[in-house]
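Colleague: No sequence on hand, only this structure:
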């Protein structure tokens, strides 16, 4: 996260320098038609021929048509104008007459004259060019020549000035609304993050109140409608957000609709657009195009796994991915409206109709815009939930390619055509900066955590289920803790560019291994002695009170003595991976190859380090008296990190170092309950023997939802009946056949005047039921909070 913060800061610094250098956006570093009275004088006279205008060799002006090359058109150079008396005097007098009522001083009028009449070149000054006597002849509206000092046609000047003013006003409003939207979205995240960070720093300052209870009951905790949240909607149409998140998304959509629809004006007659409809198409197209770029940058920021706002707000990456999808959908709709508005404009009969449209489409900037809109639309269409679930790798690759194509198309749509005059490219800079920052942060993480080399991992199949036990020996373990996950690359499987997230079930650092007060657990029936030799039974029993839970697999010694060698650096973390299709399926096939008959293999991996587990996310655990983990299936990998953290703190407290317990995540917790339901009895037994062995102070409830024959065959000695379960300790925990009654489990753990934090990680239906029950407990007056860890496709 440090690397992403640095890159994020550098990106913002570069953008700030861009604005300061006069290359910003309109109203922030750029000005548009700042001297509109002067510019209107210039534009009213600029099309007139002077006596020094050069014409092509043929003098037949009637032969010129719209299709004539610009080289064949009459040309009036800057040198011609700076030496032409009628031009200089007419411009000077027009500026004096038009700009004096607007409050222009003579000094400002002179500067304006130098810019627009002389184009910055040397020539007669403003005062030298003012005619001695005021002109009395007004140019006709259809004049083509300027042969004498004249008055600018009043109707043409009024039309030109009004057109420029209205266009510049609309451009300023486009920018203003874009910046407001941006600051509302990012500012809301930062304000919420400030609140969360303060609550983390001063956990005792936020006392429960009736207001906070009502907010949690009706806004923060419930699903948006009903109780469905993480369980997909029927037909895999998507996910229903939580009520607070749904309300935020609704406000965001309303803001975009409002900002895309208001403050449009019109000035007719207009020198650019013959009708109000054509003019409004221009303004609507520009507004929605700019807002689309703004929302694209927000979507890219929210999609990054190194998004700094995750650490600030404490919101999960799943939450930000939900916001990412909605921002992308809004950006896509605005891009479609942008394209439709310009299509209507160019095909309007008052604007040359189909002929004009055919000419515009032939321009590179226009068809690059079409490509950008189509690419963005396809990226959004291919991101539907059924495709993400069934063909994730295909979705991911096409999504990245289409978004890159869309951004490149936007660049060639804007910059070659408009240049840097309007500052539209700055929003693209922000898109590029956020995307590049995340990718660069990933590369920096890989280099740092692997120290320019690969990391070794030992992969073993768990008999009786399709789950793999992976032990990774990283080169850096700094920053590892509960509630985290890592992204792993398996270059030996062929797709070196693919990385997938896996929750960290347990970890062991060199500090744990060398600590004289800790004893490494190697099996369910033995405890390693120190290097002095064997210990008596009494000393063994005493030593159990000095164990720090490091979750070292019971087969660790076998790994060292076989062909698979344990790296010299004994720091490690462990993962439990269920094999599906894609990379995890390839890993299982690699493990089951004939050359790996032991169902165990050493493999090279690259890790991006440790994500999530931020203080802001885990803040409800700091003040909890009771922690209850509701876990389903492979969700146990997320909960086991908290089991280790609590058990380690408990063992240290039993050694008499009570002050050290405050360093853990669960600083006040006096009770920790793990309620886990899984389908495979073999998986349950593996976790009991390898991770829950002597989990000191942890109350364990287990359910097996597999077939009764499987339960009886593999766990008959620890089988229990009932839905609430039997509370036991670690490896001795009995297994209940059937499904967990989540409501009964939660109700059995909450107490009046004690704060309970429910940490849920499991299938969508289980998580939704836990959320529903927590809301019910809050409604009944109990102080219950919820931390939900889930991966949503």
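Modeller: Good, I have the coordinates. Note that the coordinates shown come from a computational prediction; the quantities given were computed from them, not determined experimentally.

Colleague: what are the ranges of the helices in the stretch 201-350 of the chain?
Modeller: 210-215, 243-259, 276-303, 308-313, 317-347 (DSSP state H, counting those that start in this stretch).

Colleague: Can you report how many residues lie near residue 175?
Modeller: 25 (other CB atoms under 10 Å). In short, each C-beta sits where N, CA and C put it, glycine included.

Colleague: do the same with residue 787
Modeller: 21.

Colleague: if we can go back for a sec, make CSV from the helices of the stretch 201-350 of the chain and add distance to residue 449 to it.
Modeller: Formatted as CSV, the helices of the stretch 201-350 of the chain follow (distance: least, CB to CB, whole Å):
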stretch, distance to residue 449
helix 210-215, 39
helix 243-259, 32
helix 276-303, 22
helix 308-313, 17
helix 317-347, 19
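
Colleague: Tabulate these (CSV), appending mean pLDDT and distance to residue 703.
Modeller: Below are those laid out as CSV (pLDDT from 0 to 100; distance: least, CB to CB, whole Å):
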stretch, mean pLDDT, distance to residue 703
helix 210-215, 84, 31
helix 243-259, 96, 30
helix 276-303, 96, 36
helix 308-313, 94, 32
helix 317-347, 95, 25
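
Colleague: In TSV: the ones you listed, plus distance to residue 124 and mean neighbour count.
Modeller: Putting these into TSV (distance: least, CB to CB, whole Å; neighbours: other CB atoms under 10 Å) gives the following:
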stretch	distance to residue 124	mean neighbour count
helix 210-215	72	12
helix 243-259	47	17
helix 276-303	38	23
helix 308-313	57	22
helix 317-347	42	21
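
Colleague: Of all those helices, which one comes closest to residue 364?
Modeller: Closest of the helices of the stretch 201-350 of the chain to residue 364 is helix 317-347, at 15.1 Å (criterion: CB to CB).

Colleague: C-terminal to the closest one, what's the next element?
Modeller: helix 353-361 (DSSP states H and E).

Colleague: by how many degrees do the very next helix or strand once past that following helix and helix 353-361 diverge?
Modeller: Downstream of helix 353-361, the first helix or strand assigned by DSSP H and E is helix 364-381. Between helix 364-381 and helix 353-361, the angle comes out at 90 degrees (axes from the mean of the first three to the mean of the last three CA atoms, to 10 degrees).

Colleague: What is the subsequent helix or strand relative to helix 364-381?
Modeller: Downstream of helix 364-381 (by DSSP H and E), the next one is helix 385-390.

Colleague: contact partners of that following helix?
Modeller: Around helix 385-390, the neighbours that count as contacts under CB atoms under 8 Å, 6 or more residues apart in numbering are 232, 236-239, 394-395, 793.

Colleague: Would you map the strands across the stretch 651-793 of the chain?
Modeller: 671-678, 698-704, 719-720, 728-729, 735-737, 756-761, 784-788 (DSSP state E, counting those that start in this stretch).

Colleague: Let's have these in CSV, adding mean pLDDT and distance to residue 98.
Modeller: As requested, the strands of the stretch 651-793 of the chain are exported to CSV (pLDDT from 0 to 100; distance: least, CB to CB, whole Å):
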stretch, mean pLDDT, distance to residue 98
strand 671-678, 95, 79
strand 698-704, 94, 83
strand 719-720, 51, 92
strand 728-729, 58, 90
strand 735-737, 91, 88
strand 756-761, 95, 70
strand 784-788, 93, 65
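
Colleague: Nearest to residue 84 among those strands would be which one?
Modeller: strand 784-788 (75.3 Å).

Colleague: How far away from the center of its chain is the closest one?
Modeller: Remark: strand 784-788 is offset 23 Å from the chain centroid, using CA atoms, centre = their mean, to the nearest Å.

Colleague: What strands line up against that strand, and which way round?
Modeller: strand 756-761 (parallel) (DSSP bridges).

Colleague: Return the distance of residue 368 relative to residue 705.
Modeller: 55 Å (CB to CB, to the nearest Å).

Colleague: wait, is residue 486 part of a strand?
Modeller: Yes. The assignment for residue 486 (DSSP: H, G, I helix; E, B strand; the rest coil) places it in a strand.

Colleague: Name the nearest residue to it, ignoring sequence neighbours.
Modeller: residue 607 (5.2 Å; CB to CB, 6 or more residues apart in numbering).

Colleague: Would you mind measuring from that neighbour to residue 472?
Modeller: 7 Å.

Colleague: Shouldn't residue 160 be within a helix?
Modeller: Yes. Residue state for residue 160 (three-state DSSP) corresponds to a helix.

Colleague: so how far is residue 55 from the spatially most central residue of the chain?
Modeller: Centroid-nearest residue in the chain, with CA atoms, centre = their mean: residue 302, separated by 1.0 Å. Residue 302 sits at a distance of 59 Å from residue 55 (criterion: CB to CB).

Colleague: Kindly list the main-chain dihedrals of residue 414?
Modeller: Main-chain torsions, residue 414, degrees, to the nearest 10: phi -100, psi -60.

Colleague: Select, out of the helices of the stretch 201-350 of the chain, the one closest to residue 148.
Modeller: helix 276-303 (34.8 Å).

Colleague: Now stretch 369-388: average pLDDT?
Modeller: The average of the pLDDT scores along stretch 369-388 is 95.

Colleague: residues near residue 40, how many?
Modeller: Residue 40 has 28 nearby residues by other CB under 10 Å.

Colleague: go on, the one 4 residues further on?
Modeller: Using other CB under 10 Å, the number of residues around residue 44 comes to 27.

Colleague: quick one: it and residue 154 touch, right?
Modeller: No. Shown here, residue 44 and residue 154 do not form a contact pair, counting by CB atoms under 8 Å, at 9.6 Å.

Colleague: Can you tell me the SS state at the closest residue to residue 82 other than its chain neighbours?
Modeller: Distances taken as CB to CB, 6+ apart place residue 123 nearest to residue 82, at 3.7 Å, with adjacent residues excluded. Following three-state DSSP, we place residue 123 in the coil state.

Colleague: contacting residues around residue 123?
Modeller: Contacts of residue 123 by CB under 8 Å, 6+ apart are 82-83, 88.

Colleague: how far away is it from residue 291?
Modeller: From residue 123 to residue 291 the distance is 43 Å (CB to CB).

Colleague: One more: residue 770?
Modeller: Residue 770 is 38 Å from residue 291, by CB to CB.

Colleague: For residue 498, find the nearest of the helices of the stretch 201-350 of the chain.
Modeller: helix 276-303 (16.9 Å).

Colleague: same for that closest one, what does it pack against?
Modeller: Applying 3 or more CB pairs under 8 Å, 6 or more residues apart in numbering; DSSP states H and E, we find helix 276-303 packed against helix 154-201, helix 243-259, helix 317-347, helix 392-418, helix 425-450.

Colleague: how about low-confidence regions in the protein?
Modeller: Where the chain drops to pLDDT under 70, the residues are 1-22, 58-72, 204-207, 510-569, 596-598, 652-663, 708-732, 791-793.

Colleague: Tell me which residue lies farthest from the centre of it.
Modeller: Extreme point of the chain relative to centroid (CA atoms, centre = their mean) is residue 133; 66.0 Å.

Colleague: now it, what's its secondary structure?
Modeller: Classified using three-state DSSP, residue 133 is coil.

Colleague: Equivalent analysis for the one 3 residues further on, please.
Modeller: Counting by three-state DSSP, the backbone at residue 136 sits in coil.

Colleague: 403 is where my numbering starts, stick with that
Modeller: Taking 403 as the first residue, the last one we looked at is residue 538.

Colleague: hmm, who's touching stretch 569-578?
Modeller: 427-430, 434-435, 438, 665-667, 674, 685, 688-689, 692-693, 824-825.

Colleague: State the three-state secondary structure for residue 874.
Modeller: strand.
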